[in-house]
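[1] Sequence first, then the predicted structure, then my questions.
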Amino acid sequence: MKTVSNVVRDYPHVSARTRERVQRAIDELGYRPNMMGRRLATGKTGLLTLAFADVGIPYFAELARVVSRAAEARGYRVLLEETDATLDGERGILASSEAGLVDGMLFQPSVMSSTEIARHRSDLPIVLLGETAAPLTVDRVMIDNVAAAAEVTRHLIAAGRRRIGFVGHEEPALSETSRQRIMGYQSALEEAGLQPDAGLLFPSASISAADAAAAVGAALDRGASFDALVCRDDLAAIGALRALHERGLRIPEDVAVTGWDDIRLAGMMFPSLTSVAPDLDALASQALDMLFERMAGFDGMGRHRIAPHGLVLRESAP
């Protein structure tokens, strides 16, 4: 049984002759691993859950792809769960995690408090992703949103921009993600001796390109003046580009625009989009490392780790 498992998982230390014999038997029998059988034999299902707000948001779709590939390399498959960024949805994910269907969970909460997450106690190992405050007892991986927002704002200042707006944060209540990104944006302005202006904050009715376009368009129509925009995410940047084009403004000559997440479409936009790029491979690797340690029995205090990020410069803010 162990030899078959080693071949199926592509374990390197199997002789070529043994691998060929096992693979021939697999092909002849049409064998496929059985999850219930695996659970009975090993106590493990070979499945993990990745839970987040909305797979329709490009960042989450790309995160799911990276996590799935990294988990597959470790012999695991990933089930996706959407919470719709609601309290009931997030509570439901944690409650259902006790059903024994998976061995561990990566969870990016949007609205649950760290206190409520800490109160949830089950035998299922959990690692949190993202910026929402995490309990001291639970592992979490994120990028430094404050530092990244300051970095992209400094880039615009170094390019000579002085009236820099921020686009795409939620209205009326800020998420923790938006709060941290605005904090970094403001700190870079103050560091450069530029006075932060509340009139250059353009909130969006939802996290979408259409609502960001509406917010930027409304600001321009009422006479707002700016020469650069830091966008909360690439969707907001795509909306901003459309609103600027519709009003005849040149990018980047009149207004430079930056996004966040560096989704695969960012390089194909016209103009192509300068964007903050989280290192998703590193984030997934760190999160899975900690999750597998929890699954192996580690029961210490939570480890809170920072994954790297970069700034990809393109035509919208060269």
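    Structure received.
[2] What ranges does the stretch 151-300 of the chain have for its strands?
    Per DSSP state E, counting those that start in this stretch, the stretch 151-300 of the chain has strands spanning 164-170, 201-204, 228-231, 256-260, 274-278. These are given in chain order.
[3] got TSV for these, with mean neighbour count too?
    Quick note: C-beta positions are derived from backbone N, CA and C, even for glycine. Rendered in TSV, the data for the strands of the stretch 151-300 of the chain read as follows (neighbours: other C-beta atoms under 10 Å):
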stretch	mean neighbour count
strand 164-170	25
strand 201-204	22
strand 228-231	30
strand 256-260	29
strand 274-278	24
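[4] a markdown table for those, including distance to residue 318 and mean pLDDT?
    Below are these laid out as a markdown table (distance: least, C-beta to C-beta, whole Å; pLDDT from 0 to 100):
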| stretch | distance to residue 318 | mean pLDDT |
| --- | --- | --- |
| strand 164-170 | 16 | 97 |
| strand 201-204 | 23 | 97 |
| strand 228-231 | 12 | 98 |
| strand 256-260 | 8 | 98 |
| strand 274-278 | 7 | 98 |
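[5] Can you say which of the ones you listed is nearest to residue 77?
    With distances scored as C-beta to C-beta, the stretch of the strands of the stretch 151-300 of the chain nearest to residue 77 is strand 274-278 (23.6 Å).
[6] Just the CA trace of that closest one, in PDB.
    Once side chains and other backbone atoms are set aside, the C-alpha atoms of strand 274-278 remain, and they are given as PDB (Å, rounded to 0.1, in the frame of the first residue of the first chain):
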ATOM      1  CA  THR A 274       1.300  49.600 -12.700                       C
ATOM      2  CA  SER A 275       0.300  47.400  -9.800                       C
ATOM      3  CA  VAL A 276       1.400  46.200  -6.300                       C
ATOM      4  CA  ALA A 277       2.200  42.500  -6.700                       C
ATOM      5  CA  PRO A 278       1.800  40.200  -3.700                       C
END
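[7] What lies in contact with it?
    The contact list for strand 274-278 (C-beta atoms under 8 Å, 6 or more residues apart in numbering) reads 143, 148-149, 151-152, 155, 234, 237, 256-263, 266, 307, 309-318.
[8] Figure out which of the strands of the stretch 151-300 of the chain is closest to residue 285.
    Counting by C-beta to C-beta, residue 285 lies closest to strand 274-278 out of these; the figure is 12.7 Å.
[9] could you give the angle of that closest one to strand 256-260?
    Counting by axes from the mean of the first three to the mean of the last three C-alpha atoms, to 10 degrees, strand 274-278 lies at 20 degrees to strand 256-260.
[10] helix, strand or coil for residue 93?
    Under the three-state scheme (DSSP: H, G, I helix; E, B strand; the rest coil), the conformation of residue 93 reads as helix.
[11] From residue 78, how far out is residue 134?
    21 Å (C-beta to C-beta, to the nearest Å).
[12] go on, residue 30?
    Here residue 30 is placed at a distance of 24 Å from residue 78 (C-beta to C-beta).
[13] Equivalent analysis for residue 47, please.
    Residue 47 sits 8 Å away from residue 78, going by C-beta to C-beta.
[14] bridging residues for residue 48?
    Counting by DSSP bridges, residue 48 is bridged to residue 78, residue 104.
[15] now the contacts of strand 274-278: which count as buried?
    Buried subset of the contacts of strand 274-278 (neighbour count, 16 or more other C-beta atoms under 10 Å): 143, 148-149, 151-152, 155, 234, 237, 256-263, 266, 307, 309, 311, 314-317.
[16] So which of the residues you listed sit within helices?
    For the buried ones among the contacts of strand 274-278, membership in helices holds for 148-149, 151-152, 155, 234, 237, with DSSP state H as the criterion.
[17] Check the burial of residue 29 by counting its neighbours.
    Here the count is done by other C-beta atoms under 10 Å, and residue 29 has 8 residues near it.
[18] go on, residue 28?
    Per other C-beta under 10 Å, the neighbour tally for residue 28 reads 8.
[19] residues near residue 15, how many?
    When neighbours are counted by other C-beta under 10 Å, residue 15 comes out with 8.
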